[in-house]
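Q: What follows is a predicted protein model with its sequence.
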Amino acid sequence: MSAAEFQKLAGLFPDETVTHSYVQDIELPGNAGTFALITLDNGLDHTKPTTLGPNTLVELGTVLEGLKDRAARGEIVGVGVTGKPYFLVAGADLSAVKRLEEREHGLWMAQLGHDVYATLADLGVPSFAFINGLALGGGLEIALQSTYRTVSTGAGALALPEAFIGLVPGWGGVYILPRLIGPENAVKVMIENPLSNNRTLTGPQAFQLGIADAIFEPADFVEQSIAWAAKVIAGEAVPDRSNSVDPENPSVAERWAGAVAAGRAFVEAKTSNASPAPAKVLDILEANRTMGKADSAALECETLAELMQTDEFRSTVYAFLDLVQKRSKRPAGAPDRKLARPVTKIGVVGAGLMASQLALLFARQLKVPVVLTDIDQERVDKGVAYVHAEVDKLLGKKRISSDAANRTKALVSGSVSKEAFADADFVIEAVFEELNVKKQVFAEVEAIVSPECILATNTSSLSVTAMAEDLQHPERLVGFHFFNPVAVMPLLEIVRAPKTDDAVLATAFELAKGLKKTAVLVKDAAAFVVNRILLRLMGEVIAAFDEGTPADVADSALRPMGLPMSPFTLSAMVGLPVAQHVQESLHAAFGERFAVSQNLQKLVDNGVKSLWAPGPDGQVIPADTLALMSFGTTPSTSEEVLRRTQDALAEEIGLMLSEGVVAGPEDIDLCVILGAGWPMFLGGITPYLDRVGASERVNGKRFLAPGIASKPAAG
């Protein structure tokens, strides 16, 4: 790539937040020579991670070329790279990469990174990466291209997450990593971790794998790293590279092939190959076993340029950057946070599994007293015991200290009397999903609590407005819908009824923030967002099954969506009675769009918990289960079931937006990603429906304008 092309690429991003390369000369002990330390810093605080855009790379390349010249003149004996506090580098600037509309520009970006990193790898003196904090993607590849690496015990989030965001590690990672730590570990880092909710490595884990050669404490990490580098340069310290492999070795070649095959099986299981990027990572890994570094670099660049132009990549950036990283922190429609009231005690009505999970979450995250109530002492004791047992599990896994465990247990108590809520600021019910039961609960609670106490419902489908209609202060009621399991699922649907006041709503959003949940404001409409979408999806598949479509065809038809589980598996996980109950609520609200399956009702009536059962050759429907059901004579193909479901979802989301259930399609996407595990690589549901044409087939228009989660319109 020519210097003119470098400059043209950099010129496309005049507003880039540049991560500067600051050089400091350090005299090594014992007159060992001068060591040049580069610190990568964008001049902003820790809330603004350092990233690698074109201008950043040009500057770093210029600095490295200068150091290479100094090394040739004998002025320096080594070069180190580290970052500002908490960061080495957070990787490529995704917002910049997303704006590369021409394939040629994407190729230039890939080649620019390789050219700069090649200089780091060939300075003429040893290079060292001091991984002081977060190192993602291109940030970790800077370290991999260095001759030696140290890592801080306090460093978190080390990863090559490109398969997760729709790309490949394009600046040498796919070539270097398997040679450094073995192909099996490389597949774990590049495939398994990214596709497992974007899991990352800690500093100690990176050291154990062999990514880093030495590990030091954070307090004097850079000083210790420089002292270690001096010993390496002097020949007094030799890193352990026992995890490294030679790909020419026949036994390694066999391991390499096995690792690639295992990776492909993992990708199939996790994504149904609905995203092209993970397979491309494995293609490069498979090919580069017999390649030189330069040929692998060329393949990486071509692959990156190709993937940068895919809608899957642009959809992933939309989901990850625009939604999860940005919109989630500024919830649409949330009132001024200054209106929020303090919450110093919380009441939970019910002591079952959901209620107990809520109590544990409140106590752990908010650190305020929480009291559970139920109809008898046995249920109360069981709920409190559950909380204590879960705290003990956390203690056993060393996720909390002994003091924190004791404090959390002490915060949770139980009572058979709702009088225990008299001084509570916030009371949430988690009782049976029946409107009259919930109304009775709130009537009893309102008679006890102060006029300022906020009442919340964890209902998944019932009308919050109807629950509030008999209250003396209906403005105090808000929907606070968690997803199961409570500790894991990040979404919280906050439901505003017509009379819910701003102070109540503001308090709900502040509580969500304290609970480390992502809150989305939802209008009071049956099943709100996530359950309405999921039940429409499951309803279409079950309807096709009832019409005579074979079970395996119906249940696997949505595989191109890359969903975390099949519809029938999801129904079993939710519980067939619960799924049927919610479907009935939606049928009552919306009519035949949510048809109630008589076959499903027969299974519920007969205590059948799942359609599938393990068989000798996979999943089967037991004969006694089949005998309970009757079927139509109009079967569909898998393609017909998929298209039918796509169109149904496009219709339902179009209606939800016209009803004002949420502020926009972005909130629909945020909800399904964080509340239903919808694949990030699809960008949420609306970009997917736009991409397959369902939005325009059903509604006559796309949900999102071109350029938001797809390539901008031409011209």
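A: Everything's here; your move.

Q: Only C-alpha atoms from now on, for both contacts and neighbour counts.
A: OK.

Q: low pLDDT regions in the stretch 1-150 of the chain?
A: Low-confidence segments of the stretch 1-150 of the chain (pLDDT under 70): 1-3, 6.

Q: In space, not sequence, find me the middle residue of this protein.
A: Geometric centre of the chain, nearest residue: Asn197, 4.9 Å, by Cα atoms, centre = their mean.

Q: can you tell me how far that one sits from Val488?
A: Distance of Asn197 to Val488, given as Cα to Cα, to the nearest Å: 11 Å.

Q: and what of Ala261?
A: For Ala261, the distance to Val488 - Cα to Cα - is 30 Å.

Q: What of Gly138?
A: 29 Å.

Q: Between those two, tell me which one has more neighbours.
A: Between Gly138 and Val488, counting by other Cα atoms under 10 Å, Gly138 is the more crowded of the two (27 against 9).

Q: tally of neighbours for the nearest residue to the more buried one once chain neighbours are set aside?
A: Sequence neighbours aside, Gly91 is the residue nearest to Gly138 in space, at 4.4 Å (criterion: Cα to Cα, 6 or more residues apart in numbering). Residues near Gly91, counting by other Cα under 10 Å, number 24.

Q: do the same with Val232
A: Residues lying near Val232 (other Cα under 10 Å) number 15.

Q: picking up where we left off before, for the residue nearest to Gly138, list the residues it contacts.
A: 50-52, 135-140 (Cα atoms under 8 Å, 6 or more residues apart in numbering).

Q: Can I get these in a markdown table including distance to Val662?
A: What follows is the contacts of Gly91, written out as a markdown table (distance: Cα to Cα, whole Å):
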| residue | distance to Val662 |
| --- | --- |
| Thr50 | 33 |
| Thr51 | 33 |
| Leu52 | 35 |
| Ala135 | 36 |
| Leu136 | 33 |
| Gly137 | 34 |
| Gly138 | 36 |
| Gly139 | 37 |
| Leu140 | 38 |
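
Q: Return the members of those residues classed as buried.
A: In the contacts of Gly91, burial by neighbour count holds for 50-52, 135-140, counting by 16 or more other Cα atoms under 10 Å.

Q: Which members of those occur in strands, if any?
A: Counting by DSSP state E, those place 135-136 in strands.

Q: From the contact counts, what lies against the worst-scoring helix or strand of the chain on mean pLDDT?
A: Least confident helix or strand of the chain, by mean pLDDT, DSSP states H and E, is helix 3-11 with a mean of 74. Applying 3 or more Cα pairs under 8 Å, 6 or more residues apart in numbering; DSSP states H and E, we find helix 3-11 packed against helix 54-72, helix 103-121.

Q: residues in contact with the very next helix or strand once past the last one?
A: Spelled out, that is helix 103-121. Next in sequence after helix 103-121, counting helices and strands by DSSP states H and E, comes strand 127-131. With Cα under 8 Å, 6+ apart as the test, strand 127-131 has contacts from 78-83, 87-88, 120-121, 142-143, 146-152, 155, 222, 225, 229.

Q: Which ones among the residues you listed lie within strands?
A: Of the contacts of strand 127-131, the ones assigned to strands by DSSP E are 78-83, 87-88, 148-152.

Q: Could you point out which of the residues you listed is nearest to Leu40?
A: Lowest distance from Leu40 to the ones in strands among the contacts of strand 127-131 (Cα to Cα) belongs to Gly83, with 4.6 Å.

Q: separation between the closest one and Arg73?
A: The gap separating Gly83 from Arg73 is 27 Å, by Cα to Cα.

Q: ditto for Gly133
A: Distance of Gly133 to Arg73, given as Cα to Cα: 33 Å.

Q: neighbour count winner among these two?
A: A direct count of neighbours by other Cα under 10 Å for Gly133 and Arg73 places Gly133 higher, at 26 against 9.
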